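Asker: build me a model from this:
(2 chains)
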Amino acid sequence: MKSYQYLIDYFENSPPIIQVVWVVCCVFLVSIVSLVLYLKFLRSKLRKDEKIVAKFQKEYESDLISYLYAGNEEEAISAEQQIIIDKLKICAADEFKRRIVVSTLLRLRNEISGEMAEAIQKLYFQSGLITYAFKKFKSNKWYVVAKGIRELTQLQVKEAHDKVMIFVNHPKKEIRKEVQLYLVTLFHFEGLKFLDLLETPLSEWDQIQLLEVLQRFDEQEIPDINPWLKSTNDSVVAFTLKLAKIYNQFEAKDTLLELLAHPQKKIRVEAIQVLCHLQVFEAKDVLKNKFGELSLEEQIAFFKLLENIFETGDEPFLLAHVNHENFEIKVSALKVLKILNFEKFKSLKENSAMPEYVKIVEFIEHN
Amino acid sequence: MNTSTVQIIILIIHILFFIYASFAIASYVVLAIISAVETKEYMKKNSFVNYKEILSSTISPSISIIAPAYNESLNIIENVRSLLSSHYVNYDVIIVNDGSKDDSLEKLIVAYDLVKVDFLINQQIPTKPIRAGVFKSTNPAFEKLTVVDKENGGKADALNMGLNISNHQYVACIDVDCLLLENALQKMIKPFLEVTDKTVIATGGVIRIANSCIIKDGKLLDVNFPKKWIEKAQILEYLRAFLLGRMAWSRLNGLLVISGAFGLFNKKIAIEVGGYDTNTVGEDMEIIVRMRRYMEEKKEKYKVAYIPDPLCWTEAPDNYKIFISQRNRWTRGTIETLRKHRKIAFNKNYKSLGMLSYPYWLFFERLAPVIEVIGIIYFVILMALNEVRWDYAFAFIILAYLFTVLFSIVAIFSEELTFHQYKKKGTGFKLILISALEPFVLHPFILYAAIRGNMDYYFNKKKKWGEMTRKGMAKA
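Answerer: So this is what the prediction gives:
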């Protein structure tokens, strides 16, 4: 009691700044103790949650498997299936359990195919889970909306098309990405029509994802890509260039040639690379005639093109560039020259006094 | 000087110390808040990312992993195996044997069926010459591997050789003894591909401490909390630095350093700025500052990104001698970089780089240990003169200590709510305990190393890297 009073007196008689410091110390101390206790609780909760999730997952997985094998030909829904549907409806009302049910459904959906997969999708509708997915669309939180769209994509709910399309130009890129993946995963090349409406940039990351999804599907009729190559959205043009390359869209040759005059350097370089891949000879003359006006990146891309589609008539042009200051252009020019005129190529080595240059020529000669 | 003048001077000194400490604490609090916001957002966004698509894509951008090696014979085979086990499709591994005096090269030749090949090097950055040559494997399983044997020129020179050799768009510069998780490259490449309104020039990754962790075939099997105090304290220190510090600077686009142990760079820009500086021991910080400066001077929008996921695990010093040597080098690196780029300081032409990042590093990284030591000396003098106001001193020391502990606990919280790597029962208590003890078991050595670093910088210019003896990570 005495020491307590001493502390009170000490505090009251201290200068204001010391009083403030001690108050802050107390706040820190209380915060530390609270955080330590909460940390203890949190770590236990995380461990406990892991166990609970695993338990529910096991339970729902067993229910879902029972549902799949409980069907019969006489009834649309057997009595046993109805019990499981009712149980899932109750679980779906609880957010924590709903999350586990949906993740279990998705896992199972990815592991099976054919009629079984269709049955899972049917169950998604019957248990009312789809209603909750649509409810997410009304959320103000972007990640809730995105989760809703992702769920519909994974469960292949094509019926949500119109509702999903509303978000095609959403300001949050994560939502836009989910929309794009929904459309392409479910409607394949037909789903790419969103490119007509897209007003925002399509990042390289998104482009790669979309192309990867598209490559999963065989025998798809590729739509006319010309309008997208003429899009005012540069990222749509860049994406379409990748499509043209992967799916060898030689039909779009004329539009691709027009892109050599595109205002964006990146697009022009990619167009050269696609034309090189498609071995469009016309591109060579266009680029050769305005070689001096091209940026260094375009010049390098052009020489890569030349490595694929060279002709005897290119020799003077190559000779003009075998001493180019850019390493890549010099190497490309030498490589092609070696094939076109080996004697001329060899003479370069003999006539050069620069050991570094001789080294490059010798390397190309032997490789 | 009369008594009142002395008292005024003393009062001014006290006020200056007080202002400095207040600013330091305020900056830590602000950074922690920004970091919490950024981490929360990152975790949410990351939950929507499907890394599998980018993994298998043949059109994903190409990456070269460049790993310099100097006398790493003990672990080199295992380490290279770890680098070769990435799940990313479009990548290769360039090991630059930087004039090792041991049998690193011979071991690599035997283990990976290497043969000498003709290789045309585009010498864009000057380096020490090739010694034994460039080697590739005859075994298709190791086709992604290239080993370059060159004369010793230091880590920066070896990295520059890697930049010259690489023919990919991006380069991941890493320490050869680091353990990269299999999904590290696709996570690190993401910022380069998803940012559409500016150029991402580099991405930094988190470094985690692998001491006591179980590793097998280059893979991390089990995360354990080490036993030695020095190792435990470094874990806490890294959590604070990476989860609270760098995350916030990433949000502010003010990162000045990407750990030399693991960073991914836009190769074109790295070469345009001239590669790594071979005249500094802080080449990892220096190249980032130079790349940023270059972009500012070109008036191009850019970003240095940061990925908080635990992707790279490394062996931390387990004794004070090596620890002090390492921190001494870090201090000298910081001084060298800040001095070299002093033009940036408080220069509004460099926007936040000159007005925020540089001043922060100058005052709270570069000068902090110096000011702390001056404070300690001043305190000792006051004690000798019997001039210490113990009520003030005691209150402020307790305040500083509690703030340090609280800040560490916030870092532990951040870890628990995000990546939760230390799952084992009892580790939570150990982390709390070390947050209470770290000011005694680690901080004095950090301070000592920083002061030694300052002295070496000014009075022992010949001192370069110092030693780092590898023991090797725990194997299953």
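
Asker: hey, let's count contacts and neighbours off CA atoms from now on
Answerer: Will do.

Asker: can I get whichever strand or helix holds residue B:369 in CSV, CA atoms only?
Answerer: Assigned by DSSP states H and E, residue B:369 falls within helix B:368-384. Output of helix B:368-384 as CSV, limited to C-alpha atoms (Å, rounded to 0.1, in the frame of the first residue of the first chain):
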residue,chain,number,x,y,z
ALA,B,368,21.1,5.8,-36.6
PRO,B,369,24.0,3.8,-35.1
VAL,B,370,26.2,6.9,-35.0
ILE,B,371,23.6,8.9,-33.2
GLU,B,372,22.9,6.0,-30.8
VAL,B,373,26.6,5.8,-29.9
ILE,B,374,26.9,9.5,-29.5
GLY,B,375,23.9,9.3,-27.2
ILE,B,376,25.5,6.5,-25.1
ILE,B,377,28.8,8.4,-24.8
TYR,B,378,26.9,11.6,-23.9
PHE,B,379,25.0,9.6,-21.2
VAL,B,380,28.2,8.2,-19.8
ILE,B,381,29.7,11.7,-19.6
LEU,B,382,26.6,13.0,-17.8
MET,B,383,26.9,10.0,-15.4
ALA,B,384,30.5,10.8,-14.7
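
Asker: tell me which residues in it are buried?
Answerer: Buried residues in helix B:368-384, counted by 16 or more other CA atoms under 10 Å in any protein chain shown: B:368-371.

Asker: got it, and stretch B:450-464?
Answerer: B:450-454, B:456-457, B:464.

Asker: quick check: the farthest pair among these?
Answerer: The distance between the two most remote of these (CA to CA) is 15.9 Å, for B:451 and B:464.

Asker: so how far is chain B from residue A:50?
Answerer: 11 Å (CA to the nearest CA, to the nearest Å).

Asker: I'd like the average pLDDT over the helix or strand in which residue A:209 is found.
Answerer: Here residue A:209, judged by DSSP H and E, is contained in helix A:204-214. Across helix A:204-214, the average pLDDT comes to 94.

Asker: and for stretch B:23-34?
Answerer: pLDDT averaged over stretch B:23-34 gives 95.

Asker: could you confirm whether any residue of that stretch contacts chain A?
Answerer: No. Stretch B:23-34 stays clear of chain A (CA under 8 Å from any CA of the partner chain), getting no nearer than 12.7 Å.

Asker: tabulate the buried residues of stretch B:450-464 (CSV), appending distance to chain A.
Answerer: What follows is the buried residues of stretch B:450-464, written out as CSV (distance: CA to the nearest CA, whole Å):
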residue, distance to chain A
B:450, 28
B:451, 29
B:452, 33
B:453, 33
B:454, 33
B:456, 38
B:457, 38
B:464, 33
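
Asker: of these, the lowest pLDDT goes to which?
Answerer: Lowest pLDDT among these: residue B:464, 64.

Asker: who are the packing partners of the longest strand along chain B?
Answerer: As assigned by DSSP state E, the longest strand anywhere in chain B is strand B:302-314. Helices and strands touching strand B:302-314, by 3 or more CA pairs under 8 Å, 6 or more residues apart in numbering or on different chains; DSSP states H and E, are strand B:179-180, helix B:184-194, strand B:199-209, helix B:247-251.

Asker: and among these, the most buried is which?
Answerer: Of all these, strand B:179-180 has the most neighbours on average by mean count of other CA atoms under 10 Å in any protein chain shown, namely a mean of 28.

Asker: distance between that strand and the chain's centre?
Answerer: Distance of strand B:179-180 from the chain centroid (CA atoms, centre = their mean, to the nearest Å) equals 14 Å.

Asker: what pLDDT, on average, does that strand get?
Answerer: For strand B:179-180, mean pLDDT rounds to 92.

Asker: name the residues of the stretch 151-300 of chain B found near chain A, please.
Answerer: Proximity of the stretch 151-300 of chain B to chain A (CA under 8 Å from any CA) is limited to residues B:190, B:193-196.

Asker: rebuild those as a markdown table, extending it with pLDDT.
Answerer: Formatted as a markdown table, these follow (pLDDT from 0 to 100):
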| residue | pLDDT |
| --- | --- |
| B:190 | 94 |
| B:193 | 95 |
| B:194 | 93 |
| B:195 | 93 |
| B:196 | 92 |
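
Asker: where does the stretch 251-400 of chain B get nearest to chain A, which residue?
Answerer: Scanning the stretch 251-400 of chain B for the residue nearest chain A gives residue B:399, at 5.4 Å (criterion: CA to the nearest CA).

Asker: pull the CA atoms of stretch B:343-359 into PDB?
Answerer: Output in PDB follows, covering the C-alpha atoms of stretch B:343-359 (Å, rounded to 0.1, in the frame of the first residue of the first chain):
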ATOM      1  CA  LYS B 343      23.100  14.200 -55.800                       C
ATOM      2  CA  ILE B 344      19.700  12.600 -55.100                       C
ATOM      3  CA  ALA B 345      19.500  13.800 -51.500                       C
ATOM      4  CA  PHE B 346      16.800  16.400 -50.900                       C
ATOM      5  CA  ASN B 347      16.600  17.000 -54.700                       C
ATOM      6  CA  LYS B 348      13.100  17.500 -55.700                       C
ATOM      7  CA  ASN B 349      13.900  16.500 -59.300                       C
ATOM      8  CA  TYR B 350      14.100  12.900 -58.000                       C
ATOM      9  CA  LYS B 351      10.600  13.200 -56.400                       C
ATOM     10  CA  SER B 352      10.000  10.700 -53.600                       C
ATOM     11  CA  LEU B 353      13.400   9.100 -54.200                       C
ATOM     12  CA  GLY B 354      15.200  12.300 -53.300                       C
ATOM     13  CA  MET B 355      12.700  13.800 -50.800                       C
ATOM     14  CA  LEU B 356      11.600  10.700 -48.900                       C
ATOM     15  CA  SER B 357      13.600   7.400 -49.500                       C
ATOM     16  CA  TYR B 358      17.100   8.900 -49.500                       C
ATOM     17  CA  PRO B 359      16.500  11.100 -46.500                       C
END
